[in-house]
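Peer 1: the amino acid sequence is not available; the structure is as follows:
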């Protein structure tokens, strides 16, 4: 381990030599500066482990140098300062400590006392560096912990999403739909606002699977959900009810508006062939059943709302498919 480096600052060449000789004999590395400005340059070039700083110097006294060193120093690299002074006045000593000095020794000083004070300040320096290193390590661990927390939050969000969505189509699943239906029904009843439900069934889906294979059928289901999600509002719900049957839950929407939305969707689905392979597309159609809940007018329970939409869907299929019926 390399010996600590000390910077001795004094305008007297004799004093510098005397202090340097005493400290070199203790194994310390020594650099010297003959005035305050030179001392600041030395510290700027390479920060020492300790500065021994004379108070009375021309141009820039020790107090100014001390204040400037404290102003420039990095928060994680505190350099102890030992003031060398010929004065014994309490006010002068207090001024040095207020300027940022850590300790002082009066000239003429005893060599043993000088070495002891230097060692004491270097211990403080070592403790400070150790504390700084520990703080850096703690900050790194905190950053790692924050990163892990973010990853955990993302994983929890993904798990939550997986628990409420259909694995294939990424539409909400049947269980989540039932929960949202109850919540939206309660909200509609509380605010006296309409709530519409649209049941959707792919026409002749079994024929698609039998003719083109189940992978093609899966692509049809995925594309259907993409169209539904693209066409509805953020507050609307798209869910897979089961098999090739899907459902839309439309808050603040009555049967008339829901029918308009359903017709627009039906036309778009019929007009956009689904790619199922290289240069292969198939045309698909859907049948839809619409029902609504109107607080104070069309009073239906959540189960009755679903049943009414399902009956309208059945009627749409019975009347030729690729159509919308309203309960």
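Peer 2: Here it is on my side, so go on. Keep in mind it's a predicted model, so treat the numbers as computed, not measured.

Peer 1: check which helix or strand covers residue 185.
Peer 2: Element membership for residue 185, per DSSP states H and E: helix 174-191.

Peer 1: the following helix or strand past that helix to helix 174-191, inter-axis angle?
Peer 2: Per DSSP H and E, the first helix or strand lying C-terminal to helix 174-191 is strand 195-202. Here the directions of strand 195-202 and helix 174-191 differ by 150 degrees (axes from the mean of the first three to the mean of the last three Cα atoms, to 10 degrees).

Peer 1: tell me what strand 195-202 is packed against?
Peer 2: Counting contacts by 3 or more Cβ pairs under 8 Å, 6 or more residues apart in numbering; DSSP states H and E, strand 195-202 packs against helix 174-191, helix 214-231, strand 245-251, helix 255-271, strand 286-293, helix 302-318. Bear in mind the C-beta positions are built from the backbone N, C-alpha and C, glycine included.

Peer 1: list the contacts of the helix holding residue 185.
Peer 2: 164-165, 172, 193-195, 197, 237, 239-242, 247, 249, 251-252, 293, 295, 301-302, 305-306 (Cβ atoms under 8 Å, 6 or more residues apart in numbering).

Peer 1: of these, buried ones?
Peer 2: For the contacts of helix 174-191, a burial check counting by 16 or more other Cβ atoms under 10 Å picks out 165, 172, 193-195, 197, 237, 239-241, 247, 249, 251-252, 293, 302, 305-306.

Peer 1: double-check that residue 233 belongs to a strand.
Peer 2: No - under DSSP: H, G, I helix; E, B strand; the rest coil, residue 233 sits outside any strand and is assigned coil.

Peer 1: with adjacent residues omitted, what lies nearest to it?
Peer 2: residue 250 (8.0 Å; Cβ to Cβ, 6 or more residues apart in numbering).

Peer 1: relative to residue 60, how far out is the one you found?
Peer 2: Per Cβ to Cβ, to the nearest Å, residue 250 is found 79 Å from residue 60.

Peer 1: neighbour count for those two, which is higher?
Peer 2: Applying other Cβ atoms under 10 Å to residue 250 and residue 60 shows that residue 250 carries more neighbours, namely 24 against 15.

Peer 1: so who does the more buried one touch?
Peer 2: By Cβ under 8 Å, 6+ apart, residue 250 lies in contact with 195, 196, 197, 198, 232, 233, 236, 257, 258, 261.

Peer 1: so where's the stretch 1-150 of the chain uncertain?
Peer 2: 75-76, 87-90 (pLDDT under 70).

Peer 1: 80 instead, please
Peer 2: 1, 73-77, 86-93 (pLDDT under 80).

Peer 1: likewise the stretch 201-327 of the chain?
Peer 2: 298.

Peer 1: picking that back up, ok, the residue nearest to residue 233 to residue 304 distance?
Peer 2: Residue 250 is 17 Å from residue 304, by Cβ to Cβ.

Peer 1: repeat that for residue 20.
Peer 2: The value you get for residue 20 to residue 304, if Cβ to Cβ is used, is 98 Å.

Peer 1: could you check which of the two has the larger neighbour count?
Peer 2: The neighbour comparison of residue 20 against residue 304 (other Cβ under 10 Å) goes to residue 20, with 18 against 14.

Peer 1: pretty sure that one is in contact with residue 33, am I right?
Peer 2: No - look at residue 20 against residue 33 with Cβ atoms under 8 Å: they stay out of range, at 11.4 Å.

Peer 1: give the residues shared as contacts by these two.
Peer 2: By Cβ under 8 Å, 6+ apart, the residues touching both residue 20 and residue 33 are residue 8.
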